[in-house]
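Novice: here is a sequence together with a model predicted from it:
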Amino acid sequence: MGSEETSLSGGAVHEEAVSERLRKAVRDIPDFPKEGILFRDITPLLLDPEAHKLAVKALADPFRDDPPDQVMGVESRGFIFGSTVALELNAGFILARKPGKLPAPTVSASYDLEYGSDSLEIHKDAIQPGSKVLVVDDLIATGGTAKSACELVEQLGGEVAGVMFLIELTGLNGRQLLGDWPVYSILRY
């Protein structure tokens, strides 16, 4: 499941129109944060209320018939989309944060970066065993951060209902790192 292309509900024509509208709202910035990188900037999309609403609807749509109990947003842009998707699906919202940012006892999972490693934490009481959790972030590149978020869900006995991204950088194969977890994305570059 994680390696297959999972599409949105609503038919191919509708998906193409949504994708085209959202793609126009994402700004490409060459050579940021370093030379050779083409950065996909979502801030123009966030400035456009119609595009922002459309993005949230598109992120939530595949889960309307079987909504999760909770949505986990991954620091930091995953908070923007995750919290609104949670409201859209009438689900609770979980913050997956960098170490030392949450006040109550936490569990953590580590992931590798280009140079070194990092980790994510959630509160120990954020997920009850058997809860279905949708993991949301703005973008998937290599997949390490998303994999850690999914591991946190399972560490607390939850079930990963899906992993949803606004943007997928397909050339970096992050979807493959997520194995059998269902992976969804709106825009693929």
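Specialist: Everything's here; your move.

Novice: what strand or helix carries the residue of the chain most remote from its centre?
Specialist: The outermost residue of the chain relative to its centre, with distances by Cα atoms, centre = their mean, is residue 35 at 25.7 Å. If you go by DSSP states H and E, residue 35 is not part of any helix or strand.

Novice: list phi and psi for it.
Specialist: phi -60, psi 140 (degrees, to the nearest 10).

Novice: same for the longest helix seen in the chain, what does it pack against?
Specialist: Taking DSSP state H as the criterion, the chain has its longest helix at helix 12-25. Here helix 12-25 touches helix 43-47, helix 49-60, strand 183-188, going by 3 or more Cβ pairs under 8 Å, 6 or more residues apart in numbering; DSSP states H and E. All C-beta atoms are positioned from the backbone trio N, CA, C, and that covers glycine.

Novice: need those in CSV with mean neighbour count, can you?
Specialist: CSV is the format used below for the helices and strands packed on helix 12-25 (neighbours: other Cβ atoms under 10 Å):
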stretch, mean neighbour count
helix 43-47, 15
helix 49-60, 18
strand 183-188, 21
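
Novice: turn these into CSV, columns for distance to residue 77 and mean pLDDT.
Specialist: As requested, these are exported to CSV (distance: least, Cβ to Cβ, whole Å; pLDDT from 0 to 100):
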stretch, distance to residue 77, mean pLDDT
helix 43-47, 9, 98
helix 49-60, 12, 97
strand 183-188, 14, 97
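
Novice: in a markdown table, list those along with distance to residue 101.
Specialist: As requested, these are arranged in a markdown table below (distance: least, Cβ to Cβ, whole Å):
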| stretch | distance to residue 101 |
| --- | --- |
| helix 43-47 | 22 |
| helix 49-60 | 24 |
| strand 183-188 | 26 |
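
Novice: what's the closest of those to residue 21?
Specialist: If you check each of the helices and strands packed on helix 12-25 against residue 21 by Cβ to Cβ, helix 49-60 wins as the nearest, at 6.1 Å.

Novice: kindly export that closest one (C-alpha atoms) in PDB.
Specialist: Output of helix 49-60 as PDB, limited to C-alpha atoms (Å, rounded to 0.1, in the frame of the first residue of the first chain):
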ATOM      1  CA  PRO A  49      -8.300  31.400   1.600                       C
ATOM      2  CA  GLU A  50      -9.900  29.500  -1.300                       C
ATOM      3  CA  ALA A  51      -6.800  27.500  -2.100                       C
ATOM      4  CA  HIS A  52      -6.300  26.800   1.600                       C
ATOM      5  CA  LYS A  53      -9.800  25.500   2.000                       C
ATOM      6  CA  LEU A  54      -9.500  23.400  -1.100                       C
ATOM      7  CA  ALA A  55      -6.300  21.900   0.200                       C
ATOM      8  CA  VAL A  56      -7.800  21.000   3.600                       C
ATOM      9  CA  LYS A  57     -10.900  19.500   1.800                       C
ATOM     10  CA  ALA A  58      -8.600  17.400  -0.500                       C
ATOM     11  CA  LEU A  59      -6.500  16.200   2.400                       C
ATOM     12  CA  ALA A  60      -9.600  15.200   4.400                       C
END
